[in-house]
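*Asks:* Any chance you could fold what I've pasted below:
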Amino acid sequence: MLLATTHWLDGHADHAALGRFVRRLNGELEQPRAVAYAVIHAHTPKATAHPDCWYPGPPALVCPCAGAARCALEDPTWVATLARHHFRPDWPAALPDDADYGEEKRLCLSERVYQGEEAAKLRAVRAYASQLGNLALAGSHPEGLAGLMDCNGYLGSFVRSTEAFALIDRAVIDIRISGFTSNVRFGRRSKWLLSTEPDGIRSRECCCSRGFLAQ
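*Replies:* Purely as a prediction, here's the structure:
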């Protein structure tokens, strides 16, 4: 079984605390489990106002922007334009480079997870209406202000063709994807995750010559 959680070096204290908690408990087990630690918020701001301005890439066009209601009211397309700059579903995900998060592994995803308007990840992101800024206390937002809270498209920037994480502990695990289970191995010379093709599940070449995922 693969456990997945947030990294103990995540830039948000609650995410980092969860990572430390899981890491500590897992270390107390007689047989520690493989744990995938994902980074949601980078650790340092670099030359920007805060880490979310540059991670995940590409760097935001305007950051911070959530307080720029005037721009959004003057140009109803302003929020969508900024968010579209960050939305790169064909790009692979990657860990940030501002701290030693551990050796990066990438899990290739089925296109139905990240590609198109009905992609599972995109629908999941859109379900967070409050974090996107699409909910109003009463009625609806004035034209142009919907989505202002996430005007950089930060949440949408996680709709990528892979998942990136630091894998800690065992090198051979059983991973469950979309209700199916397949044995997964990590190539020593590649940071891409390789999986065998289980009976009845079609596999496709993904991301590079060494990466496969059952879909």
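*Asks:* what's the spacing between stretch 40-52 and its chain's center?
*Replies:* Relative to the centre of its chain, stretch 40-52 is centred 15 Å away, using Cα atoms, centre = their mean, to the nearest Å.
*Asks:* can you pull out the helices in this protein?
*Replies:* Ranges of helices in the chain, per DSSP state H, are 13-27, 69-74, 78-86, 111-114, 120-126, 129-132.
*Asks:* which one is residue 33 nearest to, not counting chain neighbours?
*Replies:* residue 3 (5.4 Å; Cβ to Cβ, 6 or more residues apart in numbering). All C-beta spots, glycine's among them, are computed from the backbone N, C-alpha and C.
*Asks:* need the contact list for the spatially most central residue of the chain.
*Replies:* With distances taken as Cα atoms, centre = their mean, residue 158 lies nearest the centre of the chain, 3.8 Å away. By Cβ atoms under 8 Å, 6 or more residues apart in numbering, the contact set of residue 158 is 40, 56, 93, 121, 125.
*Asks:* Let's have the residues you listed in JSON lines, adding distance to residue 31.
*Replies:* Shown next, in JSON lines, are the contacts of residue 158 (distance: Cβ to Cβ, whole Å):
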{"residue": "40", "distance to residue 31": "28"}
{"residue": "56", "distance to residue 31": "34"}
{"residue": "93", "distance to residue 31": "29"}
{"residue": "121", "distance to residue 31": "32"}
{"residue": "125", "distance to residue 31": "35"}
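*Asks:* And the residues you listed, which is closest to residue 103?
*Replies:* residue 93 (15.0 Å; Cβ to Cβ).
*Asks:* Could I get the contacting residues of that closest one?
*Replies:* Residue 93 neighbours (Cβ under 8 Å, 6+ apart): 56, 106, 158, 160-164.
*Asks:* swap in residue 5?
*Replies:* So residue 5 contacts 18-19, 22, 35-38 (Cβ under 8 Å, 6+ apart).
*Asks:* mind running it again at 7 Å?
*Replies:* 18-19, 22, 35, 37 (Cβ atoms under 7 Å, 6 or more residues apart in numbering).
*Asks:* same deal with residue 104?
*Replies:* 94-95, 164, 166, 191.
*Asks:* circling back: can you put the contacts of residue 5 in a markdown table and add neighbour count, pLDDT and distance to residue 143?
*Replies:* Shown next, in a markdown table, are the contacts of residue 5 (neighbours: other Cβ atoms under 10 Å; pLDDT from 0 to 100; distance: Cβ to Cβ, whole Å):
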| residue | neighbour count | pLDDT | distance to residue 143 |
| --- | --- | --- | --- |
| 18 | 17 | 98 | 38 |
| 19 | 21 | 97 | 41 |
| 22 | 20 | 95 | 44 |
| 35 | 22 | 94 | 45 |
| 37 | 23 | 97 | 41 |
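*Asks:* Tell me which two in those are the farthest apart.
*Replies:* The most widely separated members of these, counting by Cβ to Cβ, are 18 and 35 (11.5 Å).
*Asks:* roughly how far apart are the residue nearest to residue 33 and residue 41?
*Replies:* To residue 41, residue 3 is 20 Å away according to Cβ to Cβ, to the nearest Å.
*Asks:* So the two - more neighbours on which side?
*Replies:* Comparing residue 3 with residue 41 by other Cβ atoms under 10 Å, the one with more neighbours is residue 41, at 19 against 16.
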